[in-house]
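Visitor: Compute the structure for the input listed below.
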Amino acid sequence: MKNSIYVSLVCGALLSCQDDVDTNNFGLPASVVQFSITEASSLEGSGFQQVRVYLDEPQEGNTLVSFSVSGNVTFATNTQRGDVRLLTESPLLIPPGETEAFIDFELLEDFDFESEPEALSITLTGILEGNALLSTTASERIYQHRVEENEYELNLRWDQQTSSDMDLVVELPNSRVLISDNTNGFEQVVIGNVDQNTSYLVSVWYLEGSEPINYEVSYQKAGSEVQILQQGQFEEDEANEEFSLANGNGTHQYKLLRSNAELTLIPR
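Guide: Numbering: from 1, shown residues only. The predicted structure follows:
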């Protein structure tokens, strides 16, 4: 009788302990693989990034998860520039006893202007080894990383009916000078990583012509409409084939500033 009571008490204690054990972490069915978050965003050129893939319960053996990458981005290789460099290859290994692993990638600065915002997509596509299953919720198997463009396209246009020629010159804070010297009535300079706390010197250079000429300076950021910054005019005798950042002869000079995502040009 005492023995049967003792066994009953032990069994009851064990059942009570089992009730206290959480065998269903995150409220999901056991052994489900999914992303910990499904979307994020970072500035272009911001470097190392990673996204977490997890099991809701550890497994006794390896879990191999295949994945694919896509999106309107260019993937960099050893011989090709791009927007994204993938640092983790498929399949992804989650070792025995572990509940997570990471897909790593790098966001690069390509110094090219994209008219539309870019995004990287990573999709979990299958379990190659192990007893785990992919989440049955489609959104939990797809991760989207938006790339926030940090380039501005600065444009100069003038009357193409004239025989005049103009150039657009931008001096960066590191003293590097960008020059657009087309001859078809349209100049374009792409500026990357525009700092809110730094000013840029922008020069509209009337280098050749013998008549008054009107011009317009505008800019565009990825996914945004063209914004006019300044309109101006040179007189017929202002053309100057010799350019200087210092004396300003033959040029109209402006200070370029960024406030939030918007640019402004202030005449000097």
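Visitor: can we go C-alpha only for contacts and neighbour counts from here?
Guide: OK.
Visitor: and residue 268, how many neighbours does it have?
Guide: By other CA atoms under 10 Å, the residues close to residue 268 number 11.
Visitor: which secondary element of this protein has the worst mean pLDDT?
Guide: When each helix and strand of the chain is scored by mean pLDDT, DSSP states H and E, helix 2-20 comes last, with a mean of 45.
Visitor: The next helix or strand after that helix packs against which elements?
Guide: For helix 2-20, the following helix or strand on the C-terminal side (DSSP states H and E) is strand 32-35. Applying 3 or more CA pairs under 8 Å, 6 or more residues apart in numbering; DSSP states H and E, we find strand 32-35 packed against strand 47-55, strand 133-134.
Visitor: Swap in 10 Å and give it another go.
Guide: strand 47-55, strand 63-71, strand 100-107, strand 118-129, strand 133-134, strand 142-148 (3 or more CA pairs under 10 Å, 6 or more residues apart in numbering; DSSP states H and E).
Visitor: Which one, of those, ends up nearest to residue 79?
Guide: The closest of these to residue 79 is strand 100-107. By CA to CA, the value is 16.1 Å.
Visitor: partners of residue 86 in the sheet?
Guide: Following DSSP bridges, residue 86 is listed with bridge partners residue 105.
Visitor: That one: how many residues sit nearby?
Guide: Around residue 86 there are 16 other residues, counting by other CA under 10 Å.
Visitor: now it: how far from residue 47?
Guide: Remark: distance between residue 86 and residue 47 (CA to CA, to the nearest Å) = 11 Å.
Visitor: Find residues that contact each of those two.
Guide: Common contact partners of residue 86 and residue 47 (CA atoms under 10 Å, 6 or more residues apart in numbering): 105-107.
Visitor: Is it possible to get CSV of those residues that adds distance to residue 169 and pLDDT?
Guide: CSV is the format used below for the shared contacts of residue 86 and residue 47 (distance: CA to CA, whole Å; pLDDT from 0 to 100):
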residue, distance to residue 169, pLDDT
105, 35, 97
106, 32, 96
107, 28, 93
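Visitor: which of those tops the neighbour count?
Guide: Neighbour counts for these, by other CA under 10 Å, peak at residue 107, which reaches 22 neighbours.
Visitor: Hmm, residue 85 is touching residue 47, no?
Guide: Yes: counting by CA atoms under 10 Å, residue 85 does reach residue 47; the two are 9.4 Å apart.
Visitor: between the two, which one's more packed in?
Guide: residue 85 (19 against 14).
Visitor: which residues does that one contact?
Guide: Residue 85 sits in contact with 47-48, 74-78, 104-108, where contact means CA under 10 Å, 6+ apart.
Visitor: Can you report how many residues lie near residue 211?
Guide: Neighbour tally, residue 211, other CA under 10 Å: 14.
Visitor: how about low-confidence regions in the stretch 1-150 of the chain?
Guide: Within the stretch 1-150 of the chain, the segments meeting pLDDT under 70 span 1-30, 110-115.
Visitor: and the gap between residue 230 and residue 67?
Guide: Per CA to CA, residue 230 is found 49 Å from residue 67.
Visitor: okay, now residue 254: neighbour count?
Guide: 19.
Visitor: For it, name its beta-bridge partners.
Guide: residue 202, residue 267.
Visitor: so who does it touch?
Guide: Counted by CA under 10 Å, 6+ apart, residue 254 has contacts 170, 199-204, 230, 264-268.
Visitor: any idea which of those residues is the one closest to residue 117?
Guide: Nearest to residue 117 among the contacts of residue 254, with distances taken as CA to CA, is residue 264, at 21.9 Å.
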